[in-house]
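Engineer: My questions concern the predicted model and sequence given below.
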Amino acid sequence: AQSVAQPEDQVNVAEGNPLTVKCTYSVSGNPYLFWYVQYPNRGLQFLLKYITGDNLVKGSYGFEAEFNKSQTSFHLKKPSALVSDSALYFCAVRVSLTGNSGGYQKVTFGTGTKLQVIP
Amino acid sequence: GAGVSQSPSNKVTEKGKDVELRCDPISGHTALYWYRQRLGQGLEFLIYFQGNSAPDKSGLPSDRFSAERTGESVSTLTIQRTQQEDSAVYLCASTSRSSNTEAFFGQGTRLTVV
């Protein structure tokens, strides 16, 4: 079974400061990791993903995330927070299975972290 | 279509009535998910369809909830005898067969049970 943990329900950060939203995962196999953002009264939007290669992944709106295999983490970061970054952030994991299972595993989402950027 | 389409966008129903929510996934996407999101809360997984495989129904909260999908096309989520606690936004997402591709979400159906 695969799982994702977002240990913080809410993160508060002052505008202009760096932000980090934490995510850890548990999978059997190689993980594919994703971050999504949900702005108030909007649908979920894809931000970035890690598939393979460089552990530091850059995405939309100046966000980046670092894949750390030894710590099984994929924390979302931004060097300088904006008030407009205030939203719900979701981490997700998916793994491709081999063998006769059909090879497709569903995506699993974390419970979400509310980011509040304070002016 | 260009994106995941859900209808209706809003639904107000009386307690005890049945409702049907519809999701049109992106053409060619084999996987389809239904989630429930209460106000300001996270995503609650409901059900997962992958191609012609048996659906993963492990997230359905009660036998009042059911969902169908024909092949790799439209899905309907049905809630029977609605209760006030069913009030939430119901989100649909679809993904392609490749595990390294992201999920695409619809705008959701906001269900209010009065």
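Structural biologist: Arrived safely, thanks for sending.
Engineer: Report whether the expected contact of residue A:49 with residue B:100 is present.
Structural biologist: Yes: between residue A:49 and residue B:100 there is a contact at 7.4 Å, judged by C-beta atoms under 8 Å. Where you see a C-beta, it was placed from the backbone N, CA and C, and this is true even at glycine.
Engineer: Now for the two: what residues contact both?
Structural biologist: Residues within reach of residue A:49 and of residue B:100 at once, by C-beta atoms under 8 Å, 6 or more residues apart in numbering or on different chains, are residue A:32.
Engineer: Listing request: residues of the chain with sub-threshold pLDDT.
Structural biologist: Just so you know, I chose chain A. A:96-104 (pLDDT under 70).
Engineer: Chain B is the one I meant
Structural biologist: In chain B (pLDDT under 70), the answer is B:1.
Engineer: in it, which residue is closest to the centre?
Structural biologist: residue B:34 (3.2 Å; C-alpha atoms, centre = their mean).
Engineer: about what we covered before: who's more crowded, residue A:49 and residue B:100?
Structural biologist: residue A:49 (20 against 15; other C-beta atoms under 10 Å in any protein chain shown).
Engineer: any idea which element that one lies in?
Structural biologist: strand A:44-50 (DSSP states H and E).
Engineer: Strands along chain A, start to end?
Structural biologist: Ranges of strands in chain A, per DSSP state E, are A:3-5, A:10-14, A:19-21, A:24-26, A:31-38, A:44-50, A:56-58, A:64-68, A:73-78, A:87-95, A:108-109, A:113-118.
Engineer: And residue B:63, how far from residue B:17?
Structural biologist: Per C-beta to C-beta, to the nearest Å, residue B:63 is found 17 Å from residue B:17.
Engineer: More neighbours: those two, which one.
Structural biologist: Higher neighbour count among residue B:63 and residue B:17: residue B:17, with 12 against 7, using other C-beta under 10 Å.
Engineer: If we ignore the residues flanking it in sequence, what's nearest the more buried one?
Structural biologist: residue B:82 (5.7 Å; C-beta to C-beta, 6 or more residues apart in numbering or on different chains).
Engineer: Check residue A:85 too.
Structural biologist: Of all residues not flanking residue A:85 in the chain, residue A:117 sits nearest, at 5.2 Å (C-beta to C-beta, 6+ apart).
Engineer: and the one you found, bridged to which residues?
Structural biologist: residue A:13 (DSSP bridges).
Engineer: need the residues of chain A near chain B, please.
Structural biologist: Remark: the part of chain A in contact with chain B comprises A:32, A:34, A:36, A:42-46, A:49, A:51, A:88, A:90, A:92, A:94-96, A:102, A:104-112, A:114, using C-beta under 8 Å from any C-beta of the partner chain.
Engineer: What about residue B:19, how many residues nearby?
Structural biologist: Each residue near residue B:19 was counted by other C-beta under 10 Å, and the total is 18.
Engineer: Show me the beta-bridge partners of it.
Structural biologist: Taking DSSP bridges as the rule, residue B:19 bridges to residue B:79.
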